[in-house]
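K.L.:
Dropping a prediction and its sequence here:
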Amino acid sequence: MTIREYEEIIGKRMKSARFKHSKNVAKEAVRLAKKYGADAEKAEIAGILHDATKESSEDEQMKLIEKAGIELTPLERSSHKLWHAISGAAFVQVELGITDPDIINAIRYHTTGRSGMSLLEKVIFIADFTSAERDYDGVDKMRKAADKNLDEAVLEGMAFTISDLAQRKLTIAPDTFMGYNEVSFIASLKKKK
């Protein structure tokens, strides 16, 4: 499928603001991919599809997750906000026939991050934080980090997520903690050199 065909499919699945966001994430993902050496075509595909099920009902999301054979942890099952990333990964596999594990994982972990993230996963994680329409407190700092060093931006993004969720007394995915600790540890080793 072409990127335009993917846009047509997801454009029917979401409101115009979310579709604009998806297009902006795809554009930013291509920019970051080119800057850091990731596959720009995969970045554009993962970027446009990352929120494919964000506006789907919980029932539809769960059916996609089950159809893809994905087993949710008890925490994931109880954290409905995490479902759209997991069901989005299921959607691209089951409905669109995408088999590339890097694209699938970039979609699945775009909200939580994780340890062992691929370059593409990092690109999508940060592109979602820094897309053109984003205007949260701290977005300029995040954009500067993204332009300076992708790993520093990932660390900044995970720290932001952990802090935001903790302040709101919401559940924090273990993947986010594991990813944060890994990136933080690597960053500390680099500073010692």
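P.N.:
Yep, that arrived. Numbers count the residues shown, from 1 in each chain.
K.L.:
Please report the distance of the residue positioned nearest the centre of the chain from Val123.
P.N.:
In the chain, the residue lying closest to the centroid (Cα atoms, centre = their mean) is His110, at 1.5 Å. Going from His110 to Val123 by Cβ to Cβ, to the nearest Å gives 10 Å. Placement of C-beta: from N, CA and C, glycine included.
K.L.:
do Tyr180 as well
P.N.:
18 Å.
K.L.:
list the buried ones in the longest helix anywhere in the chain?
P.N.:
The residue-count maximum for a helix in the chain (DSSP state H) belongs to helix 16-36. For helix 16-36, burial by neighbour count (16 or more other Cβ atoms under 10 Å) applies to 18-19, 21-33, 36.
K.L.:
swap in stretch 114-129?
P.N.:
114, 117, 119-129.
K.L.:
same thing with stretch 50-69?
P.N.:
50-54, 56, 61-62, 64-65, 68.
K.L.:
for stretch 131-150, same thing?
P.N.:
Applying 16+ other Cβ under 10 Å to stretch 131-150 flags 131, 134, 142-143, 145-146, 150 as buried.
K.L.:
what is the mean pLDDT for that stretch?
P.N.:
Per-residue pLDDT values across stretch 131-150 average out to 92.
K.L.:
ok, now stretch 181-193?
P.N.:
81.
K.L.:
swap in stretch 78-91?
P.N.:
Mean predicted lDDT for stretch 78-91 stands at 94.
K.L.:
same deal with stretch 9-23?
P.N.:
95.
K.L.:
quick one: contacts of that stretch?
P.N.:
7, 47-56, 96, 131, 133 (Cβ atoms under 8 Å, 6 or more residues apart in numbering).
K.L.:
how about the residues you listed, which pair is most distant?
P.N.:
Leu96 and Glu133 (24.7 Å; Cβ to Cβ).
K.L.:
And the furthest pair within the buried residues of stretch 131-150?
P.N.:
Pairwise over these, using Cβ to Cβ, the maximum falls at Arg134 and Leu150, 17.1 Å.
K.L.:
what's around Glu95, how many residues?
P.N.:
14 (other Cβ atoms under 10 Å).
K.L.:
and the gap between Ser115 and Glu133?
P.N.:
Ser115 is 29 Å from Glu133, by Cβ to Cβ.
K.L.:
Could you figure out how far the helix or strand where Leu120 lies is turned away from helix 16-36?
P.N.:
Mapping Leu120 onto the secondary structure by DSSP states H and E places it in helix 119-130. For helix 119-130 against helix 16-36, the angle by axes from the mean of the first three to the mean of the last three Cα atoms, to 10 degrees is 130 degrees.
K.L.:
tell me which strands and helices helix 119-130 is in contact with?
P.N.:
helix 16-36, helix 40-49, helix 101-108, helix 139-148, helix 150-167 (3 or more Cβ pairs under 8 Å, 6 or more residues apart in numbering; DSSP states H and E).
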